[in-house]
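Novice: kindly return the folded structure for what I paste below:
(chains A and B)
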Amino acid sequence: MLSPELIDSLFPEDLPGPDHWEERYPPRDLPAGAEVTRFSPSPTGYLHIGGVYVAIIDADLAGRSGGRYLLRIEDTDQARVTEGAVEQFADALTYFTISPTEDDLSGSYGPYVQSSRAGIYLTYVRELLRGDHAYLDFSSKAELEEITARQRAAGALPGYYGKWATWRDAPGEQVEERLAAGDPYVVRFRSPGLSGGRISFTDAIRGDLSADDNRNDAVILKSSDQPLRLPTYHFAHAVDDHLMRITLVVRGDEWLSSVPLHLQLFDALGFDPIRYAHVAPLMKQDGSSRRKLSKRKDPEASVGYYIEQGYPAEAVQYYLRGLANGRLAELPLPEALAAPLQLSDFNAAGALVDLVKLDDISADYIATQSGAAIAAQVSTWATAFDPELAGIVEAEPDLAQRALAIERGDVPNPRKDLRKWADFRPVYGYFFPQIFEPVADAADARFGGLDAALVRQVASTFAGRYQPPGEDLSQWFSQIRELATQLGFAPSNKAYKQNPDAYPGSIREASQVIRVLLTGTPHSPDLAQISAALGDEEVLRRIRAVI
RNA sequence: GGCCCCGUCGUCUAGUGGCCCAGGACGCCGCCCUCUCAAGGCGGUAACGCCGGUUCGACUCCGGUCGGGGCUACCA
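Specialist: Below you'll find the predicted structure:
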């Protein structure tokens, strides 16, 4: 064991003791049953959608119990920190309305960024050293690799433990010698779990679990050759979650196997253990197997994808909450968003994210909104992600409103043609002459293989005696019906089906020609309403393009 | 290799010994509605990983096995 003087010489002289921090961060004064949760992402890039998933859970559990939900940035791996990541986190959390209820500005348990808490960790590292719960390790990377190789050769389990842990019981003189030489070192936890026993603990989602006790002497403080002396995740977790007075740690189940280590750490530090809820990660189908959604391979793994595509936050929230608690997926959206998440209702298995399902949910949700509300949201979205469209819509706000008002609002079956704001351009863009590209080729595939000469004939006949939409829009369509009959189309779909060889198509095909000419797409709302919105001049310009 | 977690239709799931030859939702397929696109309505497709055991009876309990995932980093 190292002398107290030597241990103290390793730390700043004015480093406070644990009592100082205990007083600085007192137990919280909250009602009984209030949960204090934290969302703690690493700023290594765009936020993962799984992060939003966990944050939703954190926010819900804390909010409903009258507790606090805080955001803690885990940047102990300085090499991987990405510029601007923290700002993106904030934007993403704002978008999904899960901003923390406690942060550097509003909370008194900060700082909430780990790299700013270096001194706090040092206090507890020194404390562990003083109690002989930790020791200095001067092993080089090569030496570590060599140990692993020898373990493999001997058929021993890998790790830094027991007799393999070279520095665990190294004599004090040896340590002093290396220190004097200025050699870099890490601080390792002296694991008490060498006896090879089992350990039991309870997880709020999975119930009672057991595992082999930890016996690895995990690194708790990274190398002294780093400019900023920071702890590893394990140690920071114990210190921060204790000092921030967290009551429930919600995290991915990849941490499950670290629980024995964490429990030892809490014990050695003299902290009361904290409850855990390990949630299954969001998965992705990959060939015949499934794997965790990967930020590198899967665009939909990043929250940026949902924001750039313009999925309404409510739809994503609803989808994610349904994944967390299956019964919420059966509820209508407003009820589901208002219902509490229940830890006991979580499924222990990892769910596959299903973008098709999200699309369906989102389309349903958007369909409940008025044209004006949609226009406003499209506008906001476009300002950020499609500036050209934003400019066009801004120049003609009435047109956008009129386009989105068709078959929406107070109708029994509102249109469901928008799944996300990015759909506006392909689905409604044709309303704007700046975006619309007239269809000039009569043989265009969009006409469904109809004879080119016939396409031109439909167009010229229609243009030749065009009747503008009047008071009664339902009258407008009769000109297509007449034209269709005159040009030999079947009067109804039924008649066409009964005798397909007798006609070039039914009235349906005839209207499709007009539709494609008017909109450039095979799917659109009622043609009479579109014509009314477009104006006669524009209608005729588009029809004549193909003649 | 060792340890841990998980396993019902393609997907999300309901199901805690008889209500289940397994229910719902999304998808897919078909039909209907319709003067045109969507939408909508109706119907269909499709699963308890496998093998044993316990029991009058197992999706439900037990054991094994297979499969998937995770950890085994000075990454989180």
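Novice: which phi and psi does the residue of the stretch 101-250 of chain A found nearest RNA strand B have?
Specialist: Using Cβ to the nearest atom of the strand, the closest approach of the stretch 101-250 of chain A to RNA strand B is made by residue A:223 at 3.1 Å. (Each C-beta comes from the backbone N, C-alpha and C, glycine too.) Backbone dihedrals for residue A:223, given as degrees, to the nearest 10, come out at phi -50, psi 140.
Novice: that one contacts residue A:185, doesn't it?
Specialist: Yes - assessed by Cβ atoms under 8 Å, residue A:223 is found in contact with residue A:185 at 7.1 Å.
Novice: just to revisit the earlier point, against residue A:125, how distant is the residue of the stretch 101-250 of chain A closest to RNA strand B?
Specialist: Computed with Cβ to Cβ, to the nearest Å, the distance linking residue A:223 and residue A:125 is 13 Å.
Novice: in terms of neighbours, single out the busier of these two.
Specialist: Ranked by neighbour count (other Cβ atoms under 10 Å), residue A:223 and residue A:125 place residue A:125 first, with 24 against 14.
Novice: how about the strands of the stretch 201-350 of chain A, start to end?
Specialist: With strands called from DSSP state E, counting those that start in this stretch, the stretch 201-350 of chain A shows them at A:207-212, A:219-221, A:248-252, A:275-279, A:283-286, A:289-292.
Novice: I meant to write the stretch 51-200 of chain A there.
Specialist: When assigned using DSSP E, counting those that start in this stretch, the strands of the stretch 51-200 of chain A occupy the ranges A:68-71, A:134-137, A:186-189, A:198-203.
Novice: name the helices or strands packed onto the last one?
Specialist: Helices and strands in packing contact with strand A:198-203 are listed as strand A:207-212, helix A:259-269, strand A:275-279; criterion 3 or more Cβ pairs under 8 Å, 6 or more residues apart in numbering; DSSP states H and E.
Novice: how about the ones you listed in CSV, adding distance to residue A:90, mean neighbour count and mean pLDDT?
Specialist: Compiled in CSV, the helices and strands packed on strand A:198-203 are given as follows (distance: least, Cβ to Cβ, whole Å; neighbours: other Cβ atoms under 10 Å; pLDDT from 0 to 100):
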stretch, distance to residue A:90, mean neighbour count, mean pLDDT
strand A:207-212, 35, 11, 89
helix A:259-269, 28, 21, 97
strand A:275-279, 23, 21, 95
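Novice: so which of these comes closest to RNA strand B?
Specialist: Closest among the helices and strands packed on strand A:198-203, using Cβ to the nearest atom of the strand: strand A:207-212, at 3.9 Å.
Novice: each with direction, which strands does that closest one pair with?
Specialist: strand A:198-203 (antiparallel) (DSSP bridges).
Novice: close to RNA strand B, is the partner strand?
Specialist: No - figure legend: strand A:198-203 not in contact with RNA strand B (Cβ under 7 Å from any atom of the strand); closest approach 7.7 Å.
Novice: so which bits of that strand are buried?
Specialist: Residues A:201, A:203 are the ones in strand A:198-203 that count as buried (16 or more other Cβ atoms under 10 Å).
Novice: cool, and stretch A:210-227?
Specialist: A:213, A:214, A:215, A:216, A:217, A:218, A:219, A:220, A:221, A:222, A:224.
Novice: so which bits of the stretch 1-150 of chain A are right by RNA strand B?
Specialist: Close to RNA strand B, as judged by Cβ under 7 Å from any atom of the strand, the stretch 1-150 of chain A has residues A:40, A:42, A:74, A:76, A:77, A:80, A:139, A:140, A:141, A:144, A:148.
Novice: grab the nearest non-local neighbour of the fifth one.
Specialist: Using Cβ to Cβ, 6 or more residues apart in numbering and skipping residues adjacent in sequence, the residue nearest residue A:77 is residue A:42, 6.9 Å away.
Novice: which SS state does that neighbour fall under?
Specialist: Under DSSP: H, G, I helix; E, B strand; the rest coil, the three-state class of residue A:42 is coil.
Novice: around it, how many other residues sit close by?
Specialist: 19.
Novice: you'd agree it is up against residue A:78?
Specialist: No - counting by Cβ under 8 Å, residue A:42 sits too far from residue A:78 to count as a contact (10.8 Å).
Novice: dump the strands of the stretch 51-200 of chain A into TSV; add distance to residue A:277 as well.
Specialist: Below are the strands of the stretch 51-200 of chain A laid out as TSV (distance: least, Cβ to Cβ, whole Å):
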stretch	distance to residue A:277
strand A:68-71	14
strand A:134-137	29
strand A:186-189	24
strand A:198-203	7
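Novice: in TSV, list those strands along with mean pLDDT.
Specialist: Formatted as TSV, the strands of the stretch 51-200 of chain A follow (pLDDT from 0 to 100):
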stretch	mean pLDDT
strand A:68-71	96
strand A:134-137	96
strand A:186-189	97
strand A:198-203	91
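Novice: so which of these gets nearest residue A:178?
Specialist: Distance to residue A:178, taken as Cβ to Cβ, is lowest for strand A:134-137 among the strands of the stretch 51-200 of chain A, at 8.1 Å.
Novice: contacting residues around the helix or strand bottoming out on mean pLDDT in chain A?
Specialist: For chain A, using mean pLDDT, DSSP states H and E, the weakest element among its helices and strands is strand A:289-292, scoring a mean of 74. By Cβ atoms under 8 Å, 6 or more residues apart in numbering, the residues outside strand A:289-292 that reach it are A:50, A:281, A:282, A:283, A:284, A:350, A:352.
Novice: if you set the cut-off to 6 Å instead, what comes out?
Specialist: A:281, A:283 (Cβ atoms under 6 Å, 6 or more residues apart in numbering).
Novice: what residues of that strand count as buried?
Specialist: Under 16+ other Cβ under 10 Å, the buried positions of strand A:289-292 are residue A:292.
Novice: contacting residues for the residue of chain A positioned farthest from its centre?
Specialist: Using Cα atoms, centre = their mean, the residue of chain A lying farthest from its centre is residue A:486. It sits 56.2 Å away. With Cβ under 6 Å, 6+ apart as the criterion, no residue contacts residue A:486.
Novice: just to revisit the earlier point, hang on, the residue nearest to residue A:77 packs against residue A:74?
Specialist: Yes - counting by Cβ atoms under 6 Å, residue A:42 touches residue A:74, with 4.8 Å between them.
Novice: ok, the residue nearest to residue A:77 to residue A:244 distance?
Specialist: 17 Å.
Novice: please convert the helices and strands packed on strand A:198-203 to a markdown table, extending it with distance to residue A:116.
Specialist: Below are the helices and strands packed on strand A:198-203 laid out as a markdown table (distance: least, Cβ to Cβ, whole Å):
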| stretch | distance to residue A:116 |
| --- | --- |
| strand A:207-212 | 34 |
| helix A:259-269 | 20 |
| strand A:275-279 | 26 |
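Novice: so which of these is nearest residue A:33?
Specialist: That would be strand A:275-279 among the helices and strands packed on strand A:198-203, by Cβ to Cβ, at 12.4 Å.
Novice: so is the closest one next to RNA strand B?
Specialist: No - contact of strand A:275-279 with RNA strand B (Cβ under 7 Å from any atom of the strand) is absent, the minimum separation being 7.5 Å.
Novice: report the angle between that strand and helix A:259-269.
Specialist: Strand A:275-279 and helix A:259-269 are oriented at 160 degrees to each other (axes from the mean of the first three to the mean of the last three Cα atoms, to 10 degrees).
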